[in-house]
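Engineer: Next input, structure requested:
(chains A and B)
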Amino acid sequence: MRKVDLLIIGGGPAGLAAAVSAYEQGCRDILILEREDTLGGILRQCIHNGFGLHTFQQELTGPEYAQKYIDRVIDYQIPYQCNTMVIEITKEKQVTAVNRSNGLQHFQAKAIILAMGCRERPRGALAIPGWRCSGIYTAGTAQKFVNLEGIMPGARVVILGSGDIGLIMARRMTFMGAKVLACVELLPFSSGLKRNIVQCLDDYDIPLLLNHTVVDIAGRERLEGVTVAQVDPETKRPIAGTEQYYACDTLLLSVGLIPENELSRMAGIDLCADTGGPSVDENLQTSVSGVFSCGNVLHVHDLVDFVSEEAAKAGAKAWRYITDTLDKNLKSMPIISGFGVSGAVPQKIHVGNADQPVTLMFRPKNVYKNAKVCVTAGEKEIYRHSSRILTPGEMVSLKLTPEALRQISDAENLTVKVEAS
Amino acid sequence: MLDVIIIGGGVIGCSVARSLARYDLKIALLEKAADICEGQSKANTAIVHGGYDAKPHTLKAKYNVLGNQMFGTLCTELDVPLKWNTSLVVCFSEDDIPKLEALKKQGEINEVPKLRIIGREELHKREPSLSPNACAALLVETGGIVCPYELTVANAENAAENGVLFYRNAEVTKIEKGDSCWVVKSKAGAFETKAVVNCAGLYSDAINAMVSEDAFKILPRRGEYYILDKKYADVFHASVFQLPTKLGKGILVSPTVDGTVLIGPTAEDILDKSDIRTTPQGLAKALKFGSLTWENIPLRDVITTFSGIRAHSDRDDFILGEAPDAPLFFNASGIESPGLTSSPAIARDLADLVAERLDAKENPNFNPIRKAIPKFREMDDLERAKAIAANPDYAKIVCRCETVTEAEIREAIRRPVGAQTIDGIKRRTRAGMGRCQAGFCTPRTIQILCEELNLSPLEITKFGEDSKLLHSYLFGKGEQRHA
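Structural biologist: Model (predicted):
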């Protein structure tokens, strides 16, 4: 059993930023475990630009953004193991991992940061009827084939769902010579970033069919086409008579990301039904003492910049936990997701002697124009901000000041909600 | 000249192959698909039935009960996961209890041991997640669950190790009478053989019609299913059937030996035997009736849906034995549920019959033991360390949802009758069967197939023929392999 102060599971943007931050705070005994053969996580295959506007005030590609953190990990000589899969975590912060060079390894960590990211929702999860042919991929798998392996999965493409990876892949497939026929979205709005809709669909005249879905998949062996129908916005049921057939050899799915919390569950960590990630406090500490969580394994982010920011905090707080300087035994207050709010993170905060602002993040449940975001404790409102538009594709991030938090130290809970006009 | 040709590489064909290998015979199996276990045997309910369900004095009843008794030894010999988890047939109205009694009586006529009716209290104690509306059940102690593809593959591997030749992509196009032999023409060439065993499942009527006037018809009947995430492995213990009512034939909710939960099947007569589509109506129906057993099925955690087609015959029973007008042509046809359960008994009797007609001697070298590919996910620490020390590929996890290692995938390809497609690997190792449904592991699995079989990624298929996975290289020519 090897002892290590801080074990970071995942060498993607969250794990890297957490490691860098913990190091900068003073932690010298860190180990990053990464299951892929190089660091960088999903950013390695995101060769489009638009990363880093917040963090570096620069438009970087995914690999460039990741490299900035990888360089720092190397500069600081933070140890990492690639090709290493964690297969077990216990409540006692014992971790089992495997790789080719070291075989089966056991670690005892003082603190753990979970940064395993998320996976894509597959076809089966939607129970899309039809044939079970080849040619159906999640957008991320297709992205890996095209950008990392140099192989096109197909030539005529329909995209189901309008998540960011799906939108980016619409443009990417177009660039590489494929014909993207349509992007089909069940909801009345896209779940992707506005800028991706403009830059990836509008710029290439790819229609975005809102309130539509794929109702049938044709093709015994390879995909031959999909039938798309309009849905009733209320019931989400297809409307008979609105079916349109698209002859295509590829269907890309961009229908949602699911935080990968199988290891968290194994360690007995409480998960939040709304986010699919662990329930955490303002320090990003989970229900298991000394286990922290950040990035897409905690909740699915819209921008990597916010992942890095969140992960840096997790790294710093984990170091405080290791050095026994993290606030303990403070009263905790649950944060309730009120009207229009889906899965606010953190799920609880300690308000006893708040000395730093607390960041609250969430996705709006719907599109709201000229809306306000409010945080209240009982009758008392401690935060209010007006927004021209809120959409589920873009996260809301707000900071509660220590002064505001001190006002409500005896409240039962905090509610974050949207007031739509 | 061969002694026996078996047509069809499903669970019946592969079981017959293994049973025939006990005799000193030259045997080949022809499968039309790119892999064995591509038809009915890959998509069914995976239950080892007790035998209460079949009409007394039918072949179904006889072979169900016999097969059930053979399953324990069979799965031990072949190292196939089997769990005696019991079956329950539940009803939702006190008025239906007499029907449970009738079912019990029928089972007793079929000589199913240890059948018992249990009341509400015991039922809910056994199955706390069951809908409160369930009020009584027939408890079938001898009910079990098995992995149908692993069983099929295991039979095939063991048969191959004992000398049976396997030809895939070998659709039979014609059978002719030769000089004291049959000439079987297939897409893999023509073969002369003394005897033919027709295990062609849905297509066994067409094969029979090639040689016999004694016609029968296979009427395809489709069933649609849901599979739920392993998270729910402990929700149900028994396989929970519903008493058939006028509302429906009864949808099952059952754990699988792999820890997922199966809901289904529907039953719909269709015209096209190859129509394995799922339909909105079928899926909705499975869900509607499944919800009677399990209220609030967590649809968020559905990982996949599929359909299977049963080879229901117009004779309404298994069709077994030598065709009356075609000597040394044997049928194993109309094998629908409880076909999987019956398979070892059918195979034994059919093999004995064929051997007797060919006057075959026993094969003194027959080895009934087949070892499964060691599964990393089932090992303890010590076993894992050992496995990795012996083969470092055991330290490379390819399918993260199901914890399948590169060593297992390579072995699945290298074994006798090894995998050559993505689906073949999936059925032999579970790689890609988990909650992400191969989203992460597909690129790596393709690479491994390319390395092992010396193919280009563009040649790799999901299940053979035109089910190619990839379209074209972005740069350069086809020279570029595994980027």
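Engineer: List the contacts of B:A284.
Structural biologist: By Cβ atoms under 8 Å, 6 or more residues apart in numbering or on different chains, the contact set of B:A284 is empty. C-beta coordinates here come from the backbone N, C-alpha and C atoms, glycine included.
Engineer: Assign it to helix, strand or coil.
Structural biologist: helix (DSSP: H, G, I helix; E, B strand; the rest coil).
Engineer: Distance-wise, check it relative to B:S313.
Structural biologist: Distance, B:A284 to B:S313, using Cβ to Cβ, to the nearest Å: 29 Å.
Engineer: Could I get the contacting residues of the residue in the stretch 101-250 of chain A positioned nearest to chain B?
Structural biologist: Nearest residue of the stretch 101-250 of chain A to chain B, counting by Cβ to the nearest Cβ: A:G124, 3.0 Å away. Applying Cβ under 8 Å, 6+ apart to A:G124 gives the contacts B:227, B:302-305, B:437.
Engineer: Mind putting those into a markdown table with neighbour count, distance to A:T250 and pLDDT?
Structural biologist: Formatted as a markdown table, the contacts of A:G124 follow (neighbours: other Cβ atoms under 10 Å in any protein chain shown; distance: Cβ to Cβ, whole Å; pLDDT from 0 to 100):
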| residue | neighbour count | distance to A:T250 | pLDDT |
| --- | --- | --- | --- |
| B:I227 | 22 | 24 | 97 |
| B:V302 | 22 | 23 | 94 |
| B:I303 | 23 | 22 | 93 |
| B:T304 | 20 | 19 | 95 |
| B:T305 | 25 | 20 | 95 |
| B:Q437 | 25 | 16 | 91 |
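Engineer: Show me the subset of the residues you listed that also lies near chain A.
Structural biologist: B:227, B:302-305, B:437 (Cβ under 8 Å from any Cβ of the partner chain).
Engineer: returning to what we had before: quick one: which helix or strand includes the nearest residue to the residue of the stretch 101-250 of chain A closest to chain B once chain neighbours are set aside?
Structural biologist: Counting by Cβ to Cβ, 6 or more residues apart in numbering or on different chains, A:G124 lies nearest to B:T304, which is 3.0 Å off, once chain neighbours are set aside. Under the criterion DSSP states H and E, the helix or strand holding B:T304 is strand B:302-313.
Engineer: Kindly report the same for B:L88.
Structural biologist: strand B:87-91.
Engineer: for that strand, what is the average pLDDT?
Structural biologist: Taken as a whole, strand B:87-91 has a mean pLDDT of 97.
Engineer: do stretch A:46-61 as well
Structural biologist: On average, stretch A:46-61 scores 95.
Engineer: list the buried ones in it?
Structural biologist: A:46-48, A:50-52, A:55, A:60-61 (16 or more other Cβ atoms under 10 Å in any protein chain shown).
Engineer: likewise stretch A:366-381?
Structural biologist: Quick answer for stretch A:366-381 (16+ other Cβ under 10 Å): A:366-368, A:371-377.
Engineer: Save those as TSV, and put in pLDDT, secondary structure and distance to chain B too.
Structural biologist: Below are these laid out as TSV (pLDDT from 0 to 100; DSSP: H, G, I helix; E, B strand; the rest coil; distance: Cβ to the nearest Cβ, whole Å):
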residue	pLDDT	secondary structure	distance to chain B
A:N366	94	coil	20
A:V367	94	coil	23
A:Y368	96	strand	25
A:A371	95	strand	28
A:K372	96	strand	31
A:V373	97	strand	27
A:C374	96	strand	29
A:V375	96	strand	29
A:T376	95	strand	30
A:A377	92	strand	32
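Engineer: Show me which of those is closest to B:S343.
Structural biologist: A:N366 (53.8 Å; Cβ to Cβ).
Engineer: That closest one and A:S191, how far apart?
Structural biologist: Using Cβ to Cβ, A:N366 is found at 11 Å from A:S191.
Engineer: Cheers, nothing more for now.
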